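K.L.:
predicted model and sequence below, questions to follow.
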Amino acid sequence: MMYRLYDFIKSRHEMTSALKHYSYLMSDGVYVFDDTLTYLKKLGDSPALFLQKKMRKNFLKKMARKILRHTVFVKKINIQENEEKRFLGNILMPVRITGNESDVMVINQDTNQILSIYHSKERYEKCLHSYHFFLPFFSIPKIFGVNENLSFIISELIRFKGKHQWKKADYMNVLDSIYQQYFSYLLYVKNRGDYKTISVQQLYDTNNLAPEFKNIFWEIDPLLRETPFPILKVHGDLWTGNILYGENREVYVIDWEYCHSNLFFYDILSMMWIDYYVENNSFYFDKFINSELDSYFISIFQLFDLSFLQEKRFDYFQIFFLFFVSARNQELDEPYKKSILLTYKKLLKRASHLKQNPLTPNKAKFQKQ
């Protein structure tokens, strides 16, 4: 608990350093943290409510941030530069924190633009490539300009509905839109024949699985272990945190930096997994186990001349999970391994419970544990 608090305080001090470092991108004025310590904003400007985080049912975390905001981070930061301004942003926040580095996002609410600053050229180039590759199939915020030397990308600011405001209908609208976008993409890939196949048995034989996860392989139905599944380019980190539910009800997909080749159903199951892992939100997972999402899977499996075995739903999730840990293998330090294995076991237990006590659609609740 204490090391998390330390890391959080450290990250917020780094935000203030980033604000000073990128002062030439910010409009002149006095800057302060928002009430949830999510971003730094220009004093006097309207709060960016769509960026704020709501501490659901976590009184201690909410109080801790409130105390920190009014003690440690009460200081105002004055940005007053004589040099020519390049962007005139009025909000700064870190995104995609990796190790000791993070990308930075500068927002200009007046022009509805976002300037993304990538800490590596590789991430910058991957983002651009993914944008152009997936744009014909997915709703992605428009790119207005780039600076290759500085790894800057200026894109459209989407005004979106914060997840703390989502209702069950919103979650289903988002999933349905994602499915429709994915179906058009998968149809394109199938017609071009632009994919390969791999079985989970072949994945197991590559020895790219950490020993902690190998036992899961033997829990999967033997027939499905040998089944070759299409692999193709996927988002790689799809969950509701990388989806913007626009005020116009359009669903946008962002943050394509994890794009890589993986299972054709990887991203749909990723939404269930990461939502639960990050936010303890079992809504999509419960719907999946309760057979309410079968039509999605039946359709995309039929695209590739495969049958979706409805009685083997959790086996498909296990297959996804092994491909997930294989894709993230380089990130898997011991604490991360223990954390995701513990979460997997919780979902295994939850799936078993739901099979014995299925939720009826009209009584299903928005599960937040």
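P.N.:
Thanks, I have it.
K.L.:
ok, Arg249 - how many residues close by?
P.N.:
Here the number of neighbours of Arg249 (other CB atoms under 10 Å) works out to 11. (Glycine included, C-beta is placed from N, CA and C.)
K.L.:
hang on, it packs against Val174?
P.N.:
No. Counting by CB atoms under 8 Å, no contact exists between Arg249 and Val174, whose distance comes to 9.6 Å.
K.L.:
and the closest residue to Ile254 other than its chain neighbours, what's its pLDDT?
P.N.:
With sequence-adjacent residues excluded and distances taken as CB to CB, 6 or more residues apart in numbering, Ile254 is closest to Asn242, at 5.5 Å. According to the model's per-residue confidence, Asn242 sits at a pLDDT of 94.
K.L.:
where exactly do the helices run in the stretch 1-150 of the chain?
P.N.:
Defined through DSSP state H, counting those that start in this stretch, the helices belonging to the stretch 1-150 of the chain, from first to last, are 2-21, 59-69, 121-134.
K.L.:
out of the ones you listed, which gets nearest to Ile298?
P.N.:
Smallest distance to Ile298 across the helices of the stretch 1-150 of the chain (CB to CB): 24.1 Å, for helix 121-134.
K.L.:
list the contacts of the closest one.
P.N.:
Here helix 121-134 makes contact (CB atoms under 8 Å, 6 or more residues apart in numbering) with 96, 103, 116, 118, 140, 143, 146, 148, 151, 153, 185, 233, 235, 253, 256-257, 259.
K.L.:
repeat that for stretch 135-153.
P.N.:
Residues from elsewhere that reach stretch 135-153, judged by CB under 8 Å, 6+ apart: 113-121, 123-124, 127-128, 131, 134, 154-158, 177, 181-182, 184-185, 188, 244, 250-254, 256.
K.L.:
in ChimeraX, how would I select just the buried ones from the residues you listed?
P.N.:
Provided next is the ChimeraX selection string for whichever of the contacts of stretch 135-153 are buried by 16 or more other CB atoms under 10 Å:
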select :113,114,115,116,117,118,119,123,124,127,128,131,134,154,155,157,158,177,181,182,185,244,251,252,253,254,256
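K.L.:
in strands, which of the contacts of stretch 135-153 fall?
P.N.:
With strands identified by DSSP state E, the entries of the contacts of stretch 135-153 that belong to them are Gln113, Ile114, Leu115, Ser116, Ile117, Ile154, Ser155, Glu156, Leu244, Val251, Tyr252, Val253.
K.L.:
quick check, nearest of the residues you listed to Ala18?
P.N.:
Ile117 (8.7 Å).
K.L.:
which residues touch the nearest residue to Asp35 once chain neighbours are set aside?
P.N.:
The shortest distance from Asp35 to any residue that is not its chain neighbour, by CB to CB, 6+ apart, is 6.1 Å, and that residue is Arg69. The neighbours of Arg69, taking CB under 8 Å, 6+ apart as the test, are Phe33, Asp35, Thr36, Leu37.
K.L.:
wait, what's in contact with the last one?
P.N.:
The one in question is Leu37. Taking CB under 8 Å, 6+ apart as the definition of contact, the neighbours of Leu37 are Phe8, Arg12, Arg65, Leu68, Arg69, Phe73.
K.L.:
of the residues you listed, buried ones?
P.N.:
Judged by neighbour count, with 16+ other CB under 10 Å as the criterion, the buried members of the contacts of Leu37 are Arg12, Arg65, Leu68, Arg69, Phe73.
K.L.:
find the nearest non-adjacent residue to the last one, please.
P.N.:
Distance criterion CB to CB, 6+ apart; nearest residue to Phe73, sequence neighbours excluded, is Phe33 at 4.9 Å.
K.L.:
distance-wise, check that neighbour relative to Gly162.
P.N.:
Shown here: Phe33 relative to Gly162, a distance of 18 Å by CB to CB, to the nearest Å.
K.L.:
higher neighbour count, those two?
P.N.:
Legend: neighbour count by other CB under 10 Å for Phe33 and Gly162, higher for Phe33 (23 against 14).
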